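> Task: produce atomic coordinates for the following.
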Amino acid sequence: MTPSTPEDTLAKLQSLITSQEITILKLSEPISAAITQLQDPHQRTSDISASSLDATTPSSLEADLTHYRELFSKLRFSYVEQVTKEKFIRAIVGDPPLIVTPQENVDLEKENLQAKATLKALKTEVTSVVTELGEKAVDLSRKYERVQIEIVKLEELPSKIKELENAVAELKETRVLGSNPNPELNLPLAKTLDLIELKKRRRTELDRQLEQLQSQVPRKKKELDRLHAELQPVETKRQNSMSAAKEARRRKEAALGGIEDDLEERGRWFRASETGLKQILELQG
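As a prediction, this is how the structure comes out:
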């Protein structure tokens, strides 16, 4: 089975949404058509109902509901009034006239009470069903909004998938060509994560050592200043000794008048100079 591309999946999703889109107006179309077929062409209809059948909108549906409730209340009152009048006239003009006993009135009152109780229970049930339907409608509306948001995200996915595929292809090409001189950048994911963890541990250790060395800097600086202070007199003494040695050599050469120096005197002078320099170097160490 050939896997479908993101573009094909998106096209199927859009066609599915278009074919199965359900709205309140579409749900009301079969009812409106049935009412139109059942109506007598010569029968007068109200302006609200006629307009609602022509152009159904959520506001017109609410207006129709209010209108039909009021109309039903008036119709029920007229029906009860008409039936009562008809029964009363028939009872009067009947032969023999209809005579109702008190017991029949009591029985009828009981029947009326039972009918009222049944009607009240039915009304309560209908109210409960209507409330439940309203809650389900709100819940479905929220779900529909979430689905619409997810559809927008799904529409953006093909372009993002295409970008990621291009990036993966470039990375694979780079790895195959070996243009990257650093072999650590060509490691698989698991080894890369291990290497990152190792680098983090090394960096933590280096940070710790650096912190220790930084804490030792003030003490080392004080010690360096002390050594410089101790070395200063020794350096001065060395300079004086070198100056004296140079002066003595100059005088001796002047006394000899440029003739070859006496080897014994030069030897003693060199040994004395060597001893002095060794003492100075020992003090510096």
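
> What strand or helix carries the most centrally placed residue in the chain?
Nearest residue to the geometric centre of the chain (C-alpha atoms, centre = their mean): residue 153, 13.2 Å. Taking DSSP states H and E as the definition, residue 153 sits inside helix 102-177.

> and what of residue 219?
Judged by DSSP H and E, residue 219 forms part of helix 189-256.

> same for the helix or strand following that helix, what does it pack against?
Remark: after helix 189-256, the chain's next helix or strand is helix 263-284, criterion DSSP H and E. Packing partners of helix 263-284 (3 or more C-beta pairs under 8 Å, 6 or more residues apart in numbering; DSSP states H and E): helix 189-256. To be clear about C-beta, it is placed using only N, CA and C from the backbone, and glycine gets the same treatment.

> The helix it packs on vs helix 263-284, what angle?
On the basis of axes from the mean of the first three to the mean of the last three C-alpha atoms, to 10 degrees, helix 189-256 is oriented at 150 degrees to helix 263-284.

> And the helix holding residue 219, how far out from the chain middle?
Taking C-alpha atoms, centre = their mean, to the nearest Å, one finds helix 189-256 lying 55 Å from the centre of the chain it belongs to.

> Likewise for stretch 124-139?
That offset, for stretch 124-139, works out to 34 Å (C-alpha atoms, centre = their mean).

> Just the CA atoms of that stretch, as PDB, please.
Taking Å, rounded to 0.1, in the frame of the first residue of the first chain, the C-alpha atoms of stretch 124-139 are listed here in PDB:
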ATOM      1  CA  THR A 124     -40.700  18.500  33.600                       C
ATOM      2  CA  GLU A 125     -39.300  15.700  31.400                       C
ATOM      3  CA  VAL A 126     -39.500  17.900  28.400                       C
ATOM      4  CA  THR A 127     -37.700  20.700  30.200                       C
ATOM      5  CA  SER A 128     -35.000  18.300  31.300                       C
ATOM      6  CA  VAL A 129     -34.600  17.000  27.800                       C
ATOM      7  CA  VAL A 130     -34.400  20.500  26.400                       C
ATOM      8  CA  THR A 131     -31.800  21.500  29.100                       C
ATOM      9  CA  GLU A 132     -29.800  18.400  28.300                       C
ATOM     10  CA  LEU A 133     -30.000  19.100  24.600                       C
ATOM     11  CA  GLY A 134     -28.800  22.700  25.200                       C
ATOM     12  CA  GLU A 135     -25.800  21.500  27.200                       C
ATOM     13  CA  LYS A 136     -25.000  19.000  24.500                       C
ATOM     14  CA  ALA A 137     -25.300  21.700  21.900                       C
ATOM     15  CA  VAL A 138     -22.900  24.000  23.800                       C
ATOM     16  CA  ASP A 139     -20.500  21.100  24.200                       C
END
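
> when you give positions from now on, start the count at 4
With the count now opening at 4, the last piece we talked about shows up as stretch 127-142.

> ok so, going back, just the pLDDT at the residue nearest to the centre of the chain, thanks.
pLDDT for residue 156: 86.

> Also residue 288?
54.

> try residue 163
88.

> So it versus residue 157, what's the distance?
11 Å (C-beta to C-beta, to the nearest Å).

> need the next SSE after the one helix or strand in the chain whose mean pLDDT sits lowest, C-terminal direction.
Least confident element among the helices and strands of the chain, by mean pLDDT, DSSP states H and E: helix 50-57 (a mean of 49). Scanning forward in sequence from helix 50-57 by DSSP H and E, the next helix or strand is helix 61-96.

> For residue 243, see how far away the residue nearest to the centre of the chain is.
For residue 156 relative to residue 243 (C-beta to C-beta), the value is 88 Å.

> do the same with residue 224
Counting by C-beta to C-beta, the gap from residue 224 to residue 243 is 29 Å.

> Specify which residues of the protein, grouped into ranges, have pLDDT under the cut-off.
4-10, 12-13, 16-17, 19-61, 178-184, 256-267, 286-288 (pLDDT under 70).
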